[in-house]
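*Asks:* Need the 3D shape of this:
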Amino acid sequence: MPHQPLVVHCPDSVYQPRRDFFKQAGALALAASGVPLLPDELLAASDRKTPETLVSVLFETLTPTQKKAVCFDWDYVAGKQGLLRTRLENNWKITKPSIKSSFFTGEQQELIRLIFEGMTHEGWHDRWDQQLKDDVGGFGNQQSIAIFGQPGTKQFEFVLASRHMTLRCDGNSAEHVAFGGPILYAHDGEGTYEKPHHPTNVFWHQALAANKLYDMFDGKQRKQALVTKGMPSEELVGFRGTNGKFDGIRVTEFSPDQKEHLQGVLKLLLEPFRQSDRDEVTRCLKVQGGLDACRLAFYKEGDLGEDGIWDNWRLEGPSFVWYFRGKPHVHVWVNVADKPGIELNSYQDSVGV
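*Replies:* The predicted structure follows:
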């Protein structure tokens, strides 16, 4: 008898209790694949809230037709786009099917939501949802997924991609890199052109914290930190290495209280993400010499309102880039590893922001 999918009816913003859902998810995985996954084991794994485990559950529920559309070999090359797994854009779908479409069952959509929640910090879920509501009409709308490699093995990765969001989880399958590879988060809460003080942007407080550090600088430090003409393109977040030429002021030129404030800025940058990714960023940064190996730059170009609150700034080290672009609205490009010799496959989308 063919499998009849379980049907879950719930509003977009309401998700059924996790334990009840995973009892259903375990049954769904068994029925869909024939793989001897035990529902009790899946339930126990869900209680640990490991998104990588949930990716394995999702993978087992996918039909051959679904796998053909969203699952790929680890090193799959998408023609001129290059290595698809490491591609990064500010406005894209990594595969054609949207999460909230008839392509995925209701249970699969719920699993994808749970994976997303596991990749991010629970204290940030409301703000992530606000960003998604403003930019794509809510979670799952015009959002896509891809799975690379074989979930449950030593090498696999899940990628969630849409306009203004590229997030990954890999269980440390991708060697040397944090977040599973380069990521992007962004928001245009007021439309394409935000007001200078970005009143509804969920990420703008990160820039305000960085600008407070600029206010702490003396005249000489401000001159070193401020780039008065030009700034890197958004897609230029590849690593420059230990001998690279970086904009801005060396963190070694900071006073103790300024270094302490920079640590607070880094904490704010990491706050939206799960603890394991925060820890991996900290580890990667320590390997390359910590924040003392970095420079901080503010860019006069793109100063909305010409108010001296720098909308665009960049914290960069040998294999660390956190690039905050606030014009015309916020885009944040992130690339972190424990060594610089890792290629970045990024592409600046030409049809939208």
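*Asks:* Report the separation between A297 and Q109.
*Replies:* Plainly put, A297 is 41 Å away from Q109 if you go by CB to CB, to the nearest Å. From N, CA and C alone the C-beta is placed, and that goes for glycine too.
*Asks:* T282 and L291, how far apart?
*Replies:* T282 sits 10 Å away from L291, going by CB to CB.
*Asks:* give me phi/psi at the residue nearest the centre of the chain?
*Replies:* Nearest to the geometric centre of the chain sits L167, at 3.3 Å (CA atoms, centre = their mean). Backbone geometry at L167, expressed as degrees, to the nearest 10, gives phi -130, psi 160.
*Asks:* hey, what's the closest residue to it other than its chain neighbours bridged with?
*Replies:* Take L167 and drop its neighbours on the chain: the residue closest to it by CB to CB, 6 or more residues apart in numbering is L160, 4.9 Å away. Counting by DSSP bridges, L160 forms beta bridges with I145, L167.
*Asks:* mind listing the helices for the protein?
*Replies:* Here the chain has its helices, by DSSP state H, at 18-33, 39-47, 51-61, 64-70, 106-119, 125-136, 204-216, 219-225, 256-270, 275-287.
*Asks:* right, and the residue nearest to the centre of the chain touches G118 too?
*Replies:* No - assessed by CB atoms under 8 Å, L167 is found out of contact with G118, at 10.7 Å.
*Asks:* Determine the number of other residues adjacent to D257.
*Replies:* 10 (other CB atoms under 10 Å).
*Asks:* I figured it hits L213, correct?
*Replies:* No - in this structure D257 lies outside contact range of L213 using CB under 8 Å: 10.0 Å.
*Asks:* Which of T282 and L291 has more residues huddled nearby?
*Replies:* Between T282 and L291, counting by other CB under 10 Å, L291 is the more crowded of the two (21 against 15).
*Asks:* what's the spacing between that one and N243?
*Replies:* For L291, the distance to N243 (CB to CB) stands at 19 Å.
*Asks:* do the same with N90
*Replies:* According to CB to CB, N90 stands 29 Å off from N243.
*Asks:* Settle it for me: which of those two has more neighbours?
*Replies:* N90 (23 against 7).
*Asks:* Give me the pLDDT for the more buried one.
*Replies:* pLDDT for N90: 93.
*Asks:* Look at A297 and Q109 and report which has more neighbours.
*Replies:* The residue with more neighbours, out of A297 and Q109, is A297; 21 against 18, by other CB under 10 Å.
*Asks:* Flag the shaky bits of the stretch 101-250 of the chain, pLDDT-wise.
*Replies:* The stretch 101-250 of the chain contains no residues with pLDDT under 70.
*Asks:* Kindly report the same for the stretch 251-353 of the chain.
*Replies:* Looking along the stretch 251-353 of the chain with the criterion set at pLDDT under 70, you get 346-353.
*Asks:* can you map out the strands along it?
*Replies:* Ranges of strands in the stretch 251-353 of the chain, per DSSP state E, counting those that start in this stretch, are 295-299, 312-317, 320-325, 330-336, 345-346.
*Asks:* out of the ones you listed, nearest to P182?
*Replies:* Ranking those by proximity to P182 (CB to CB) places strand 330-336 first, at 4.3 Å.
*Asks:* In PDB, could you pull the C-alpha coordinates for that closest one?
*Replies:* Output of strand 330-336 as PDB, limited to C-alpha atoms (Å, rounded to 0.1, in the frame of the first residue of the first chain):
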ATOM      1  CA  VAL A 330      21.900  46.100   5.600                       C
ATOM      2  CA  HIS A 331      23.900  43.300   4.000                       C
ATOM      3  CA  VAL A 332      26.400  41.400   6.100                       C
ATOM      4  CA  TRP A 333      28.900  39.100   4.500                       C
ATOM      5  CA  VAL A 334      30.700  36.600   6.700                       C
ATOM      6  CA  ASN A 335      33.600  34.300   6.000                       C
ATOM      7  CA  VAL A 336      35.700  32.600   8.800                       C
END
